[in-house]
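[1] Need coordinates for the below:
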Amino acid sequence: MDDQNKNLIIATALSFVVILVWFVLFPPPEADSPIDGTTTSLTAPQEGTLATPSAELPAATPSTSAGSETAPSAIESAPRVAIETPRVSGSLSLLGGRIDRLSLNDYKTSLDEDATIVEILYPANEENAQYALHGWAAASGVEPTAVPGPNTEWQLSSGETLGIDAPITLSWDNGAGLLFTKQIAIDDQYMFTITQSVENTGTASAAMAPYAVLARHGEPTDLKNFFILHEGVVAMTDGEYSEIDWDEMPEFEYNQRAGARTQEKSITENGWIGFTDHYWMSVLVPVQGTAFKSVAKYDERRDIYQTEAVSPVQSVAPGEKISNTTQFFTGPKEWDVLKSYEDAGVYNFIDAIDWGWFAFLTKPIFWLLHQLNILIGNMGISIIALTLFIKALLFPLAYKSYVSMAKMKELQPKMEKLKEEAGDDKQKIQQGMMALYKKEKVNPAAGCLPILLQIPIFFSLYKVIFVTIELRHAPFFGPFQDLSAPDPTSIFNFYGLLPWGAPEAGSIMALVFIGILPLLLGVSMWLQQKLNPAPTDPTQQMIFAWMPWVFMFMLGSFASGLVVYWIANNTITFTQQYLIMRSQGYKPDLLGNIKGSFTRKANAGSKK
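    Residues are numbered from 1 along each chain as shown. Coordinates of the predicted model:
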């Protein structure tokens, strides 16, 4: 086997290894936790400090100060206040003032006509429970029973239904001189604003710390568990974005004071913390520019995951009033929505989307795709337009590459003659080739650069298509109504012409009986190969012959939007290569090469 064969086999093997390792075997490094793991002394916290008050914050499963858990019947029977806006609907409970039921009116669970609306928040007595609590934790000299707890039943003192420009106010009097109020507002998208106040009508000062808690009961039942996607805690802490996976939280150091496994970090200015799923996110957002302490907590006894934002301790003197404002975002990770909140002051909120390692590519690629989709109105056509733009951007490199390839074709007879003259002297062959390349000003490695640049672009686009909600249920045409999902067509039912369904997505049958798009992908790769004559060496012939069809099955289960990109990329590359080769005096014999491949197969069959 000569060096050319060895290099081809090695290059092919490395290409497969890169793809397999990246998509299957090579998980990203563990992200730095947003919490530093330190604990704070509980001794007499002073006003303005970030020390967690001596009274433990509410457990995720609401409990009374005596520790007894709230009965499901109490949650079910508690009075509720409706939440109604064009984009969300739900209700909040007066038991603890929890925001604990919310549906996203613009999103359905599937493309089926009878599909239900996506629900993102659930009360504590239901599966997948997730809800937000806001309150005050008692500090030095204040009894825990003097502040409202998770089982406190608030009174609705103003408003009827929470909506845009229609806030509600909840109130609770502790009977000992402290009047607590909680005003809750919602905007026209997905952000709640909770303003808590305490008025002291008594004769003694009281110290307490405002907090916001986001609780989740157990891991989500619909976890993707795919390494390219982060699910779990997401946080921004003074400019540093970080993530914690669900399975990392049970490994936190046990905090005796909190009765749970916790990690904490003091934020000096800007930050937010919460939970993220594939497309949805719930995040606590203290007023930006103010200090607070972020906490990630896991209660292993109850299997409760919790994030907290605890503001500094405040003291309210007799006759005075104190207040605190926190925002709570819960909804889809839409680019436009997050960007609008970031522009309004929520620090780096757009980073809540999992952009991955290639964020420097992923962000601009998505931005351009998003703008094209706004202009065109069809995500599939927008992907094709994006491919055209990327190919145009890389055209100068591609031009040099194809010119080099055309010159290499012209040098082929001279190289064959050189091999004949040198015989088995490999060193002489190498020296002769290098001299020939230098004389003809040909760089044999020039053809690799566009391919190398395509790899991070390919991965970045795959990330964009997989993680961004704008691709979810985005239609193309005909049967392709969700570009974030694999091709729904299948040769098994002859692409819908036969009266039975296609194999279930993700099954072995679906992998074997591929759809229209993967088939077009294989054909486009095969045609691109036919621009050049097949290599004379049998080993090279075999590798080139199998490569398009191996990629066809390998990429067949990927998101159809990515396959659309790859087909468009192959088609444009084919056109570019053909025209550039013609401009360099080399006329590709496309039909002759296609006929030649079938002739060789027929001859091989007759020899057997």
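[2] contacting residues around residue 515?
    Each residue near residue 515 by CB atoms under 8 Å, 6 or more residues apart in numbering is listed here: 486, 487, 488, 489, 490, 491, 495, 502, 556, 560. The way it works is simple: take the backbone N, C-alpha and C, and place the C-beta from them, glycine included.
[3] what's the answer for residue 170, then?
    Here residue 170 is in contact with 94, 97, 154, 155, 156, 157, 181, 182, 183, 184 (CB under 8 Å, 6+ apart).
[4] same thing with residue 251?
    Residue 251 neighbours (CB under 8 Å, 6+ apart): residue 261.
[5] Can you pull the poorly scored residue ranges out of the stretch 401-550 of the chain?
    405-406, 409, 440, 443-451, 505-506, 532-537, 540 (pLDDT under 70).
[6] Spit out the contact partners of the closest residue in space to residue 131 that isn't next to it in sequence.
    Among residues not flanking residue 131 along the chain, residue 100 sits closest, at 3.4 Å (CB to CB, 6 or more residues apart in numbering). Counting by CB under 8 Å, 6+ apart, residue 100 touches 91, 92, 93, 121, 122, 123, 124, 129, 130, 131, 132.
[7] Go again with 6 Å.
    Contacts for residue 100 were tallied using CB atoms under 6 Å, 6 or more residues apart in numbering; they are 93, 121, 123, 131.
[8] that's a helix at the last one, yeah?
    When you say that, I think you mean residue 131. No: counting by DSSP: H, G, I helix; E, B strand; the rest coil, one finds residue 131 to be strand, located in no helix.
[9] Domain map for the protein?
    3-23+367-607, 29-54+81-108+116-355 (automatic domain parsing).
[10] Quickly compare these and say which is most buried.
    domain 29-54+81-108+116-355 (a mean of 19; mean count of other CB atoms under 10 Å).
[11] gap between it and the chain center?
    Chain-centre distance of domain 29-54+81-108+116-355: 22 Å, with CA atoms, centre = their mean, to the nearest Å.
[12] And stretch 394-405, by the same measure?
    Worked out by CA atoms, centre = their mean, stretch 394-405 lies 34 Å from the chain centre.
[13] Output that stretch as PDB, nothing but the C-alphas.
    Provided in PDB are the C-alpha atoms of stretch 394-405 (Å, rounded to 0.1, in the frame of the first residue of the first chain):
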ATOM      1  CA  LEU A 394     -15.700  31.300   2.200                       C
ATOM      2  CA  PHE A 395     -15.600  31.600  -1.600                       C
ATOM      3  CA  PRO A 396     -12.100  33.100  -1.700                       C
ATOM      4  CA  LEU A 397     -10.700  30.100   0.200                       C
ATOM      5  CA  ALA A 398     -12.800  27.700  -1.900                       C
ATOM      6  CA  TYR A 399     -11.500  29.300  -5.100                       C
ATOM      7  CA  LYS A 400      -7.900  28.800  -4.100                       C
ATOM      8  CA  SER A 401      -8.700  25.300  -3.100                       C
ATOM      9  CA  TYR A 402     -10.500  24.300  -6.400                       C
ATOM     10  CA  VAL A 403      -7.800  26.000  -8.500                       C
ATOM     11  CA  SER A 404      -5.200  23.900  -6.600                       C
ATOM     12  CA  MET A 405      -7.300  20.800  -7.200                       C
END
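[14] Sketch out the low-pLDDT regions of this protein for me.
    Low-confidence segments of the chain (pLDDT under 70): 1-71, 405-406, 409, 440, 443-451, 505-506, 532-537, 540, 589, 596-608.
[15] Restricted to helices, list the contacts of residue 515.
    Judged by DSSP state H, the subset of the contacts of residue 515 located in helices is residue 560.
[16] gap between residue 496 and residue 555?
    Note on residue 496: its distance to residue 555, by CB to CB, to the nearest Å, is 21 Å.
[17] tell me how far the ends of stretch 272-287 are from each other?
    9 Å (CA to CA, to the nearest Å).
[18] picking up where we left off before, restricted to strands, list the contacts of residue 170.
    Among the contacts of residue 170, the residues falling in strands (DSSP state E) are 155, 156, 157, 181, 182, 183, 184.
[19] Distance to residue 269 for those - can I get that in CSV?
    Listed next are those as CSV, based on distance: CB to CB, whole Å:
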residue, distance to residue 269
155, 36
156, 35
157, 34
181, 28
182, 25
183, 25
184, 25
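[20] nearest to residue 148, of these?
    residue 182 (8.5 Å; CB to CB).
[21] excluding its backbone neighbours, what's nearest the closest one?
    Closest to residue 182 by CB to CB, 6+ apart is residue 170, at 4.4 Å.
[22] beta partners for that neighbour?
    residue 156, residue 182 (DSSP bridges).
[23] now the strands: where do they sit in the stretch 301-450 of the chain?
    304-310, 314-316, 321-332 (DSSP state E, counting those that start in this stretch).
[24] between these, which gets nearest to residue 415?
    strand 321-332 (57.6 Å).
[25] between that closest one and strand 304-310, how many degrees?
    Strand 321-332 runs at 140 degrees relative to strand 304-310, counting by axes from the mean of the first three to the mean of the last three CA atoms, to 10 degrees.
[26] Quickly run through the sheet partners of strand 321-332, with directions.
    When pairing is defined by DSSP bridges, strand 321-332 lines up against strand 191-200 (antiparallel), strand 280-286 (antiparallel).
[27] residue farthest from the centroid of the chain?
    residue 421 (58.0 Å; CA atoms, centre = their mean).
[28] got JSON lines for the contacts of residue 515, with distance to residue 324 too?
    Shown next, in JSON lines, are the contacts of residue 515 (distance: CB to CB, whole Å):
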{"residue": "486", "distance to residue 324": "48"}
{"residue": "487", "distance to residue 324": "51"}
{"residue": "488", "distance to residue 324": "50"}
{"residue": "489", "distance to residue 324": "55"}
{"residue": "490", "distance to residue 324": "57"}
{"residue": "491", "distance to residue 324": "61"}
{"residue": "495", "distance to residue 324": "60"}
{"residue": "502", "distance to residue 324": "55"}
{"residue": "556", "distance to residue 324": "54"}
{"residue": "560", "distance to residue 324": "48"}
